[in-house]
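In: Sequence and predicted structure, then a few things I'm wondering about:
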Amino acid sequence: MSERIVVIGAGVIGLSIAHELAAERASGRIITVLTDADPIDTTSAVAGAVWFPYAAERSPAIDLQLQTTLRRFIDIAREHPDAGIDMRTGIIIERSPNPDRSWTDLVEASETDDVPEGATGMRTTVPLGTMSQYLPWLQAKCEELGVEFERRTVADPDALAGEFDTAVVAAGARSGALLGDDDTVVPVRGQVVRVENPGITEFRIDDESEGGLAYVLPRRDCVVLGGTHEPSNTNPEPDPEIEAGILARTAALVPALANARIVSRGVGFRPVRERVRIEEVSGRALRVVAAYGHGGSGMTLSWGTAERVAELVAVS
Ligand SMILES: Cc1cc2nc3c(=O)[nH]c(=O)nc-3n(C[C@H](O)[C@H](O)[C@H](O)COP(=O)(O)OP(=O)(O)OC[C@H]3O[C@@H](n4cnc5c(N)ncnc54)[C@H](O)[C@@H]3O)c2cc1C
């Protein structure tokens, strides 16, 4: 009989996993995604979304996932122009005397002096996603591979035993509560404002700017301006005062942004955890695999995570 696998969550992690599991055609698996929000209404849709490690575990295992994801996005950008993934050049601004440049082992980068006074910086070219395009594209690719999507809130994965053989929990910041065995996932609020592009082609990321995070990410439909990193703010609505700060910080970085027309706003909650959790969870009523805790790097780690989960599902 075909193995029935359910993926709980349709953010960038759940969709990538569903795609990876379904792409192994010879497996004869039946894949279903259960989600209580459309992909476009998830935290993943709020992401910038640039391939760059931020606010997530750093380890050899994660470096492998960074590398895998980078390779997959480079292929997608080349082979599927309709996916909304572009290779973009820009500058990572550094404020500390010993910046972490370990990421330059994975991608070419060169030092630049096109940075604010007192800072250093690296110019690089990395994948950047237009999530309003990429998430629907990925969902459509899943559907082409036979994945079924169902709108359902899951209260307890154990209740899915009988209906499915294996459940993959990719429920972002709510995964710990859903599994009931992990209270270490912190939902860290991030706010963005999206503006009409006044002609900007390069990104800027200033994670350590004095007033808070500052990034300018030109994507296909707008420029995403951010951001914030607020572990103790639970407000799901955009805050006008915070927005004013974002606009001021990003206009200081890229003066052409001053007075750019605002097109939309977003708030999301990063699933921050000391370590990304990708493992089989024992003692459940069906086989359960956890796949969450990607912090500020869900897009950046998505394909690496999907490949790792597919390996776990295949062996166990
Ligand atoms: C402002 C901001 C900017 C960011 N920028 C970047 C960036 O540039 N690059 C990057 O790599 N990352 C970025 N991130 C981080 C990235 O967005 C997250 O790491 C990523 O979205 C996590 O994806 P996920 O699929 O795990 O969770 P989510 O996108 O939150 O998806 C969770 C899914 O689970 C479903 N779900 C949850 N509970 C249940 C339940 N009980 N029953 C049914 N369904 C359920 C939800 O409906 C949803 O479909 C950013 C985040 C924010 C907030």
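Out: That came through fine. This structure is a prediction, so every number in the text was calculated from the model and none was measured.

In: Now residue 153: closest residue in space, sequence neighbours ignored.
Out: residue 36 (4.2 Å; CB to CB, 6 or more residues apart in numbering). Quick note: C-beta positions are derived from backbone N, CA and C, even for glycine.

In: Distance of that neighbour relative to residue 24?
Out: Distance, residue 36 to residue 24, using CB to CB, to the nearest Å: 27 Å.

In: Tell me how many other residues surround the residue lying closest to residue 145 once chain neighbours are set aside.
Out: Distances taken as CB to CB, 6+ apart put residue 22 closest to residue 145, at 3.8 Å, once the chain neighbours are dropped. For residue 22, the count of nearby residues is 24 (other CB atoms under 10 Å).

In: Please work out how many residues are found near residue 17.
Out: As a burial measure, the neighbour count of residue 17 was computed by other CB under 10 Å and equals 30.

In: cool, residue 13 as well?
Out: Applying other CB under 10 Å, we find 32 residues neighbouring residue 13.

In: And it, which helix or strand is it part of?
Out: Following DSSP states H and E, one finds residue 13 within helix 12-23.

In: Just the C-alphas of that helix, formatted as PDB.
Out: Taking only C-alpha atoms (Å, rounded to 0.1, in the frame of the first residue of the first chain), the coordinates of helix 12-23 have been written out as PDB:
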ATOM      1  CA  VAL A  12       8.100  27.900   2.600                       C
ATOM      2  CA  ILE A  13       9.200  25.000   4.700                       C
ATOM      3  CA  GLY A  14       6.100  22.900   4.400                       C
ATOM      4  CA  LEU A  15       5.800  23.500   0.600                       C
ATOM      5  CA  SER A  16       9.400  22.700   0.000                       C
ATOM      6  CA  ILE A  17       9.100  19.500   1.900                       C
ATOM      7  CA  ALA A  18       5.900  18.500   0.200                       C
ATOM      8  CA  HIS A  19       7.600  19.100  -3.200                       C
ATOM      9  CA  GLU A  20      10.700  17.100  -2.300                       C
ATOM     10  CA  LEU A  21       8.600  14.200  -1.000                       C
ATOM     11  CA  ALA A  22       6.400  14.200  -4.100                       C
ATOM     12  CA  ALA A  23       9.200  14.600  -6.600                       C
END
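
In: Do you have the helices of the chain handy? List them.
Out: Per DSSP state H, the chain has helices spanning 12-23, 43-46, 60-79, 131-144, 175-179, 240-253, 298-315. These are given in chain order.

In: Mind checking the pLDDT average for the last one?
Out: This predicted structure assigns helix 298-315 an average pLDDT of 95.

In: same thing with the first one?
Out: Throughout helix 12-23, pLDDT has a mean value of 97.

In: Give me the neighbour count for the nearest residue to residue 15 once chain neighbours are set aside.
Out: If you skip the residues right next to it in sequence, residue 15 has residue 138 as its closest partner in space, 4.6 Å away by CB to CB, 6+ apart. Residue 138 has 26 neighbouring residues, counting by other CB under 10 Å.
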